[in-house]
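Peer 1: got a structure for you, letters missing:
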Ligand SMILES: Cc1cc2nc3c(=O)[nH]c(=O)nc-3n(C[C@H](O)[C@H](O)[C@H](O)COP(=O)(O)OP(=O)(O)OC[C@H]3O[C@@H](n4cnc5c(N)ncnc54)[C@H](O)[C@@H]3O)c2cc1C
């Protein structure tokens, strides 16, 4: 089934145009070839001809995306991107995510895309020339190295990796894990503790530093097995790694703020992605109920299954409206922090429920590699941990709400 994306009366002409153009490319150029493009997902045996055809198709899609002016939608025009504003990008993410993996064909590949945005904002001209431009051109790969096995990722202020100044160099020591893209990366942006000796608040002690993969002392220990498969999320030891002070990203002590910049907007985009994938799971589920006969009738006639459809519809609409509300606040420069935490808890859980029902309706095929549902289910579950686990965001919501009430104000119903 192709996705049905019609103009929305309340959106600007430009946002509707972006949604429509993206949907056309996904519908025409990606969905009919999805099995070929993503065959590796189902361990399909590919012939040399299939591999060549998939490569040519990817190249063709990238050309179509560039011609449509939608390449690298997260980047400013001066860096070869589409230069979309925040809302345009949020709405585009929903449409793009309908086809699993389509973002990569539009030039958005995590963690490179997040690193690109951070380098655009915090990088010096020399850093941009050395790291950002080749990263955008696809000549370099990168990773973001923050989480550690020996300190809670949900409390970044507890990180132990240190960077010590020695003359014109930073000397980095630490143990990281779950650094995505770790095996392919040519450089890492490493979150380090730099300001213990200077005092300052806990957030102000962190600095991000660019570390080339081939610097002596960078030891990629392993790709961690995730959901039973060896992954590219890597465990890395940084052992007396020396890099020039010029590799410091942003000012000393700005690391926590840079991470928040990366994650705040990123959480809204991830939620819009999840909603696009929920629509896909929903379409797959409803379509199946209309053709599969069990016990003398189509699945769509069974009330249990009608309940799945109704509950999934409500989950998607609630998740979508919450996320759009949050995105609109962000775009209007209102404080979106409570809402970002709210969607970060609600949307992955709703996504998990919707995919779970779609899997149930499809029976055994639902967990097979023939459909994208099993991968979505794992993705949804993982999202409840990554970018801050549920509990941390629930605490933040309660803290923000309570502080208003303690200040003599209730929560503004319209806000
Ligand atoms: C597939 C994948 C890719 C990732 N990619 C990257 C990457 O590229 N770079 C990177 O740096 N990191 C990455 N991560 C790591 C991710 O950001 C962390 O896993 C996440 O921040 C949680 O940290 P943690 O695993 O150390 O859990 P912990 O901080 O140890 O927390 C464990 C659990 O404790 C509970 N908890 C935490 N705080 C509280 C509280 N205050 N009250 C009650 N309960 C609480 C929560 O249930 C939480 O799940 C990735 C993770 C995954 C799974």
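Peer 2: All right, it came through fine. Remember, it's a predicted structure, so these values are computed and weren't measured experimentally.
Peer 1: distance of the closest residue in space to residue 30 that isn't next to it in sequence from residue 276?
Peer 2: Closest residue to residue 30 apart from its sequence neighbours, by CB to CB, 6 or more residues apart in numbering: residue 99 at 4.6 Å. C-beta coordinates here come from the backbone N, C-alpha and C atoms, glycine included. With distances taken as CB to CB, to the nearest Å, residue 99 is found 9 Å from residue 276.
Peer 1: ok, the nearest residue to residue 86 once chain neighbours are set aside - contacts?
Peer 2: In this structure, residue 86 finds its nearest non-sequential neighbour in residue 331, 4.9 Å apart by CB to CB, 6+ apart. With contact taken as CB atoms under 8 Å, 6 or more residues apart in numbering, residue 331 is in contact with 85, 86, 87.
Peer 1: closest to residue 353 out of these?
Peer 2: The shortest approach to residue 353 among the contacts of residue 331 belongs to residue 87, at 26.8 Å (CB to CB).
Peer 1: just the element for that closest one, please.
Peer 2: helix 86-96 (DSSP states H and E).
Peer 1: tell me which residues are up against the next helix or strand after that helix.
Peer 2: Using DSSP H and E, the next helix or strand after helix 86-96 towards the C-terminus is helix 102-105. Residues from elsewhere that reach helix 102-105, judged by CB under 8 Å, 6+ apart: 26, 30, 58, 61, 62, 65, 93, 96, 97, 109, 273.
Peer 1: and if we set it to 7 Å?
Peer 2: 26, 30, 58, 61, 62, 65, 96 (CB atoms under 7 Å, 6 or more residues apart in numbering).
Peer 1: between which two of those residues is the distance greatest?
Peer 2: So, these by CB to CB: farthest apart are 58 and 96, at 15.4 Å.
Peer 1: what's around the residue of the chain found nearest the ligand, how many residues?
Peer 2: Of all residues in the chain, residue 153 sits closest to the ligand, at 2.3 Å by CB to the nearest ligand atom. Neighbour count for residue 153, taken as other CB atoms under 10 Å: 19.
Peer 1: quick one, what contacts it?
Peer 2: For residue 153, the contact set (CB under 7 Å, 6+ apart) comprises residue 147.
Peer 1: quick one: it is in a strand?
Peer 2: No: assigned with DSSP: H, G, I helix; E, B strand; the rest coil, residue 153 falls outside any strand and is coil.
Peer 1: and the next helix or strand past the helix ranked longest in the chain?
Peer 2: Taking DSSP state H as the criterion, the chain has its longest helix at helix 255-289. Downstream of helix 255-289, the first helix or strand assigned by DSSP H and E is strand 293-294.
Peer 1: just checking: what are the partner strands of that following strand?
Peer 2: strand 297-298 (antiparallel) (DSSP bridges).
Peer 1: interface residues of the stretch 151-300 of the chain facing the ligand?
Peer 2: 152, 153, 154, 178, 179, 180, 226, 233 (CB under 6 Å from any ligand atom).
Peer 1: closest to residue 168 among those residues?
Peer 2: residue 179 (26.1 Å).
Peer 1: my guess is that closest one contacts residue 237, does it?
Peer 2: No: Residue 179 is beyond contact range of residue 237, at 11.1 Å (criterion: CB atoms under 7 Å).
Peer 1: comparing those two, which residue is more hemmed in?
Peer 2: When residue 179 is set against residue 237 and neighbours are counted by other CB under 10 Å, the residue ahead is residue 179, at 24 against 15.
Peer 1: what stretches of the stretch 51-200 of the chain score poorly on pLDDT?
Peer 2: 196-200 (pLDDT under 70).
Peer 1: what about the closest residue to residue 111 other than its chain neighbours, which SS state?
Peer 2: Leaving aside its sequence neighbours, residue 111 sits nearest to residue 144 (CB to CB, 6+ apart; 4.6 Å). Classification of residue 144 using three-state DSSP returns strand.
Peer 1: ok so, going back, residues contacting the residue nearest to residue 30?
Peer 2: 26, 30, 31, 34.
Peer 1: could those go into TSV alongside neighbour count and distance to the ligand?
Peer 2: Listed next are those as TSV, based on neighbours: other CB atoms under 10 Å; distance: CB to the nearest ligand atom, whole Å:
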residue	neighbour count	distance to the ligand
26	24	24
30	24	24
31	18	26
34	16	23
